[in-house]
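Student: Provided below for reference: sequence and predicted model.
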Amino acid sequence: MGDAATAPDTRLLDTFSKLLRHHAEHRGDRIAMREKDLGIWQSWTWAEVAGQVRDLACGLAALGLKRGDRLAVIGDNRPRLYWSICAAQALGAVPVPLYQDAAAEEMAFVLEHAEARIAIAEDQEQVDKLLQIKPDNKALEQIVFDDPRGLRNYRHAFLHDYESILAKGRDYAAANPGFYDAEVARTKGADVSTMLYTSGTTGRPKGVMLSYDNVLITARNALQREGLTADEDTLAYLPMAWVGDHIFSYGQALVSGFTVNCPESSATVLTDLRELGPTYFFAPPRIYESILTTVMIRMEDAGWLKRRMFHYFMDIARRCGTRILDGKPVSLADRLLYRVGALLVYQPLKNTLGFSRIRLAYTAGEAIGPDLFDFYRAIGVNVKQLYGMTEASVFVTIQPDGEVRADTVGTPAPEVEIKIEPSGEVLFRGPGVFQEYYKNPEATAEAKTAEGWVHTGDAGFFDADGHLRIIDRAKDVGKLADGSMFAPKYLENKLKFFPFIKEAVAFGDGRAHVGAFINIDLEAVGNWAERRNLPYGGYADLASREEVYDLIQENVEQVNRDLAGDSHLSGSQIRRFLVLYKELDADDGELTRTRKVRRNFVAERYGTLIEALYSDATTVPVETEIRFEDGRTGTFRAELRIRDVKTYPPAAPAAQAAA
Amino acid sequence: MHAARQIGGPLLQVENISLSFGGVRALANISFEIREHEVLAIIGPNGAGKSSMLNVINGFYHPQEGRITYKGKTRARMRPHQAAAQGIARTFQNIALFKGMSTLDNIMTGRLLKMRQPFFMQALYLGPAKREELEHRAFCERIIDFLEIQAIRKTPVGRLPYGLQKRVELARALAAEPELLLLDEPMAGMNVEEKEDMCRFVLDVNEHFGTTIALIEHDMGVVMDISDRVVVLDYGRKLADGTPDEVRADQAVIDAYLGVSHEETASAAAE
């Protein structure tokens, strides 16, 4: 590759503003960014971007932004907002991207805490929030907006159009020649490059301070390990405040010089994805799932021939597709059939999804179902899992090519060390480890040891192949009465991967064995019941059916069979389960707003059911008050069945050793 | 908020308009004016003659009496296409889009009057026609961006939910670059969020393009919030005309439109 010669050395070019100048000088006519606007992909070369960033930086300097100040950046993924980050950094100021969908009150906390003096906002929506916040915020002085729409009658002296700042910047640069270059030269790798606020599911958001070295070295290491080049195209559509976007769409793009593409709007992401066909892509599991669901629905609506063809070749892909992708031996016949399948099904399918050029796709954030994972890998999309966090500048572990499995998160990223505490908690140390939480030394001391080890709060272990497996939050992991490990979330995820099970809650800490509550998926089970001509009247009725219990029992036993083969978790096979008479609901406080089970609340509320799970009873009477949507209340009485499930002896250690 | 927007002199004056269908008197001796750059709401109970009034303004109905002065030119009769050519665009109470066509194509039809190239040039997509089409497409894209309907650009309109169809209809009306935009119940059948969006778009259009807007609306909250002036009709008569506050305080309006006084009159009579 011709680019190898011009690939920047991050040891010399140790900040993003220096890297930007390097790209502008060495490959100024290559495309740095695209944005779909007015129905057309508009593009900017590295030289143009460098010019924009310089003008903006000078404009911000004219506006009063100084070394060490914080600049808040709020909005969807827009080229100008990425340039704002770089412009702030060029001046030695620290950009603080904020979650654009946060309400004004949430934003107020972060702005107050970060003491941002200037904010760059995308549009009227964000400006309105800032105007609401500003009277109570002592630090915020100036607001710059990108999209003037709806703002032409806002007459605040502290409100500036982005264009006017650029103009100001050009004047400032003319009046102070050499200013910008001198500022860039003063930046160095050990400086704080950015502050990213963790979303803060527990307590207040914390400002994670990352240095240039953190971000640059981590980004470079991951690029090298994955063999990514300056020819990649990536789609920037996840929140800019999230560390993943900061690395994938900003850090890595500036290190390697590949092209970042911004979608037209958040509603058009999937269309833009298809048009663009990125080579490097990140998505959380739910996005892969929603893409797959649309495919499956459209496939069911397709003609008989297409449907037959699709299912025939998908069977072949499932049999050998992942093996071919992993470079493992596959019989000649299968290889030929896969070729035909690629021509008739896989390639056209990938093309419709926008995945035909993908060289590397990551997923992370939550457990991904094996069927979902294998679907993409089977049709030749190299989806891999990684494990990361803001405090690590993303990369803790990455799955190496050819060693990709749904239930592990891979091996340590380059220069990253991992150790497992006796409690099961995963700790890591490496070049990406954050400097500190801003203005929060207690939290910093809690999360990071003096030797630089960071507590992840996740429990996990290394399997026989040296791959890390994350099983649960460390605080939720318990022990059964016989001392074997019990990781409720791991069991629940395994159960939830079955389409008929919507939600599950596993119990077992300090108990003799594991019991589980199940919520069936009304749509999936309802469909199944209709196909079998099984009449039912609503969720409670369907959930209490003997046939449904049989169906769920098969799923639970499958989970037990899987667990039996697992040396760490074979003890936590599920002994008894029941299907709840109502769906767990955020309105009743049983789930969080992000649909996570509130375990303790559920345990308290359904205490009698848990007692029944751990008795010999085969039914338990329930009587409960239910609240209708119109506010009236009524009483629900029923006998709830409890099922015993088969468990399996753990796989013999000898057999495992042989495997 | 409206401080910067200069409300000018009368853009359109309606004088002594009367319209009858057979024996039914739809409009009786109505006079009012629409001023440049303002948002004017026409309100009234069902059957008050609001839609008839819009139909008279854009030349769909021809009043038996009265005259209309638009941009200083008085005319007795005007055909809808003449109204369109002179810068009057409208949307309809019952959406009137081409259901099978995409959002973009529907909006492009709004540019039809602006297209100069002869039909055969367009059909062959030859030089000047191609350039012209590109210009029109670029204009439509700005409207798509303005109304935030990028995600449905290629979707057939028939597949869209009602609220979005209303927005597409507004987009098509805007494509004609109107000076006067007539909106017939732009928010009917919408949920609160869709209404809020639509209000914002109406105000943005008014502010951004300086378009004069006359709209019919039932939602009083909406009317009082977004309009500069309100005309109240009842049974074909004009009851009142003024700023939202004036209209709200007008006894004739309270009596007839809000209907609260019927009980009072009844109880007063009983005493």
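Tutor: Great, that's in hand.
Student: and A:S484, how far from A:L563?
Tutor: 11 Å (Cβ to Cβ, to the nearest Å). Yep, even glycine has a C-beta here, placed from its N, CA and C like the rest.
Student: actually, A:G227.
Tutor: To A:L563, A:G227 is 36 Å away according to Cβ to Cβ.
Student: among the two, which residue is more densely surrounded?
Tutor: When A:G227 and A:L563 are compared on other Cβ atoms under 10 Å in any protein chain shown, the one with more neighbours turns out to be A:L563, at 23 against 9.
Student: so what's that one up against?
Tutor: Residues counted as contacts of A:L563 (Cβ atoms under 8 Å, 6 or more residues apart in numbering or on different chains) are A:L491, A:K494, A:L569, A:S570, A:S572, A:Q573, A:Y648.
Student: let's see if you can find the most crowded of the residues you listed.
Tutor: Compared across the contacts of A:L563, A:L491 has the highest neighbour count, 27 neighbours, by other Cβ under 10 Å.
Student: residue ranges in the chain under the pLDDT threshold?
Tutor: Just so you know, I chose chain A. Segments of chain A classed as low confidence (criterion: pLDDT under 70) are A:1-7, A:199-202, A:593-594, A:629, A:652-659.
Student: actually, chain B is the one I wanted.
Tutor: Within chain B, the stretches with pLDDT under 70 are B:1-5, B:76, B:257-271.
Student: next, give phi and psi for the residue in the stretch 1-150 of chain B that chain A sits nearest to.
Tutor: Relative to chain A, the nearest point of the stretch 1-150 of chain B is B:E141 (4.0 Å; Cβ to the nearest Cβ). Its backbone dihedrals place B:E141 at phi -60, psi -30, with angles given as degrees, to the nearest 10.
Student: do the one 4 residues further on as well
Tutor: Backbone geometry at B:D145, expressed as degrees, to the nearest 10, gives phi -60, psi -40.
Student: closest to chain B among the contacts of A:L563?
Tutor: Checking the contacts of A:L563 one by one against chain B (Cβ to the nearest Cβ), the nearest turns out to be A:K494, at 35.9 Å.
Student: what touches both of A:S484 and A:L563?
Tutor: Shared contacts of A:S484 and A:L563, defined by Cβ under 8 Å, 6+ apart, are found at A:L569, A:S570, A:S572.
Student: dump those to CSV, plus secondary structure.
Tutor: Conversion of these to CSV gives the following (DSSP: H, G, I helix; E, B strand; the rest coil):
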residue, secondary structure
A:L569, coil
A:S570, helix
A:S572, helix
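Student: give the burial count for the residue of the stretch 1-150 of chain A found nearest chain B, as a bare number.
Tutor: Of all residues in the stretch 1-150 of chain A, A:L38 sits closest to chain B, at 4.0 Å by Cβ to the nearest Cβ. Applying other Cβ under 10 Å, we find 16 residues neighbouring A:L38.
Student: distance check, the nearest residue to it once chain neighbours are set aside against B:I17.
Tutor: Ranked by Cβ to Cβ, 6 or more residues apart in numbering or on different chains and with sequence neighbours excluded, the top spatial neighbour of A:L38 is B:E141, at 4.0 Å. Going from B:E141 to B:I17 by Cβ to Cβ gives 39 Å.
Student: the more surrounded of these two?
Tutor: Counting neighbours by other Cβ under 10 Å for B:E141 and for B:I17 shows that B:I17 has the greater number, 26 against 18.
Student: which residues of the stretch 101-250 of chain B lie near chain A?
Tutor: B:137-138, B:141-142, B:144-146, B:148, B:150-151, B:153-154, B:200, B:204, B:207-208 (Cβ under 8 Å from any Cβ of the partner chain).
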